[in-house]
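Peer 1: Quick one, what's the 3D model for this:
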Amino acid sequence: MLNPIDPSTLKVIILPRGQEQDDLTSIELIHPRTLKPIFFLYNNKNNEIYELKNFNFTKNPHMSNTNSKKIVMTRNGEIIKSLLFDKPDNFKNSDGNGLIVENPDILLATRFNFVYMLLLYYEKQLESLENDSSFRLRLLNSDDLIEILEKNSAFKFNNFPNSFWSIENSILMNALNLIHDKIEENDEIYFRLNETKIIDMFDDKINKLSQSFPISILQKLINPKLSAPMTIQQKELLVLPTPPASKIPSESSTPKNIETIPSDQIPADIIEYAKINHSINILASYLSPLLVIKLRKKYDTKLTMLAQYKKQLDNMNEMREIAQNNLNALNENLHAEQENSKKRNNKNNNNNSTSNNFNKKRKILKKPVAPGKGALDNFFKAKK
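Peer 2: Numbering: from 1, shown residues only. Here you go, the predicted model:
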């Protein structure tokens, strides 16, 4: 037997494999990009942090077209979904029967890197480093740095349990090592923020993302923006921009003329640049605008070539649209001329028909001959 349950009283969280519910607790932190308080999951045993993301069935590029057609939607455009629980023994106030939850909130718990929180804390220092040439980053003892972070209430770091701030916590120490220079001296550990290490860390993430890009996102989100129907003449005009010799990427060959590439394909270099751009956009949802600008500057040549390619596509599409509009206008004029010609021909035919009918009527309506005045009467008339 299935008992219905009010979805407002229940949130369904999908946990990574191997995570036990009893080990997890919720903590409120500030999101590093939106700066709004949100809830994360914290594992008390291994100190891992999990971000909770809403699972949206309606906007999932990984779903095939065949499966997406089977999705049933409401009139408001919301997906109709229900969850069935056959063994709800761990539910509070459960009577042991199954449960059915209509349209529940489904959250995915994904592992979250604490380094994004650290960068939120260091945001003002990075801005000072960018705008003030005399600004210098401080070298801090590990105990002093951890104490400063632990007591920070602006970003709600004080919501973490005390065990998180232990120097034995590998999650914390790994995050610190990723973006700091670590100096060991006289049995003491010191940390200093290193901007170069920050950029290199994200550069490595961007390369990994672009190299293992999901084919579903590539086909449904990226390729449609890089391809467009063009005439042969337009393809001959579309040449990938070539950077100056000093800026040609060493790991990539010089871009090719699109004329040498099949019409149903996109240049491989451009696809790679688009992957990099999309990877940066993914990371940008967790980074300050300043760091995003710095990352884009690192890939300036490739992103510039991508932008030039898109601009050429836009120009070609605009030319095609103008040509199509002109062709439509020409067809409309030809059609109107044909209609006018038909009307003129019909009018002439009607005039000729009226004239012929009038002539026929004139032949029938001859003036009658008076008696004794006809041709035969004159023939038989007696001669005098």
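Peer 1: When you work out contacts or count neighbours from here on, use the C-alpha atoms and nothing else.
Peer 2: OK.
Peer 1: who's the nearest residue to Pro16 once chain neighbours are set aside bridged to?
Peer 2: Nearest non-adjacent residue to Pro16, counting by CA to CA, 6 or more residues apart in numbering: Ala109, 6.8 Å away. Bridge pairing for Ala109 (DSSP bridges) gives the partners Leu52.
Peer 1: contacting residues for Ala109?
Peer 2: 13-16, 41, 50-53 (CA atoms under 8 Å, 6 or more residues apart in numbering).
Peer 1: quick one: low-confidence parts of the stretch 251-384 of the chain?
Peer 2: By pLDDT under 70, the low-scoring segments of the stretch 251-384 of the chain are 251-264, 350-384.
Peer 1: Spell out the residue ranges of the helices in it.
Peer 2: 268-284, 289-298, 300-364, 375-380 (DSSP state H, counting those that start in this stretch).
Peer 1: Out of those, which is the most enclosed?
Peer 2: helix 268-284 (a mean of 19; mean count of other CA atoms under 10 Å).
Peer 1: who does it touch, helix- and strand-wise?
Peer 2: Applying 3 or more CA pairs under 8 Å, 6 or more residues apart in numbering; DSSP states H and E, we find helix 268-284 packed against helix 195-211, helix 289-298, helix 300-364.
Peer 1: can we see that at 10 Å?
Peer 2: helix 195-211, helix 223-226, helix 289-298, helix 300-364 (3 or more CA pairs under 10 Å, 6 or more residues apart in numbering; DSSP states H and E).
Peer 1: so how far is Leu290 from Glu130?
Peer 2: 9 Å (CA to CA, to the nearest Å).
Peer 1: In the sheet, which residues pair with Ile27? Tell me.
Peer 2: Phe40.
Peer 1: List the contacts of it.
Peer 2: 37-42, 49, 156-157, 159-161 (CA atoms under 10 Å, 6 or more residues apart in numbering).
Peer 1: Trp343 and Leu334, how far apart?
Peer 2: Quick fix: residue 343 is Lys, not Trp. 14 Å.
Peer 1: can you pull the contacts of Asp22?
Peer 2: With the criterion set at CA under 10 Å, 6+ apart, Asp22 makes contact with 43-44.
Peer 1: Could you check which helix or strand contains the residue nearest to Leu120 when sequence neighbours are not counted?
Peer 2: Of all residues not flanking Leu120 in the chain, Pro32 sits nearest, at 5.5 Å (CA to CA, 6+ apart). Using DSSP states H and E, Pro32 maps to neither a helix nor a strand.
Peer 1: Give me the phi and psi angles of Pro32.
Peer 2: phi -70, psi -20 (degrees, to the nearest 10).
Peer 1: thinking again about what came up before, turn the helices and strands packed on helix 268-284 into a markdown table, including distance to Glu123.
Peer 2: Below are those laid out as a markdown table (distance: least, CA to CA, whole Å):
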| stretch | distance to Glu123 |
| --- | --- |
| helix 195-211 | 11 |
| helix 223-226 | 33 |
| helix 289-298 | 9 |
| helix 300-364 | 23 |
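Peer 1: Could you say which one of those helices comes nearest to Glu184?
Peer 2: With CA to CA, the closest approach to Glu184 among the helices and strands packed on helix 268-284 belongs to helix 195-211: 18.0 Å.
Peer 1: Who are the packing partners of that closest one?
Peer 2: Helices and strands touching helix 195-211, by 3+ CA pairs under 10 Å, 6+ apart, are helix 170-179, strand 180-185, helix 268-284, helix 289-298.
Peer 1: Asn47 - that's part of a helix, no?
Peer 2: No: assessed with DSSP: H, G, I helix; E, B strand; the rest coil, Asn47 is coil; it does not lie in a helix.
Peer 1: wait, what's in contact with Gln211?
Peer 2: By CA under 10 Å, 6+ apart, Gln211 lies in contact with 205, 272, 275-276.
Peer 1: These: which two are farthest apart?
Peer 2: Greatest spatial distance in the contacts of Gln211: Lys205 and Glu272, 14.8 Å, computed using CA to CA.
Peer 1: Buried subset of the contacts of Ile27 as a ChimeraX selection?
Peer 2: To isolate the buried subset of the contacts of Ile27 in ChimeraX, counting by 16 or more other CA atoms under 10 Å, use the following:
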select :40,41,42,49,156,157,160
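Peer 1: just the contacts of Ile27 now: which is nearest Ile171?
Peer 2: Ile49 (8.9 Å).
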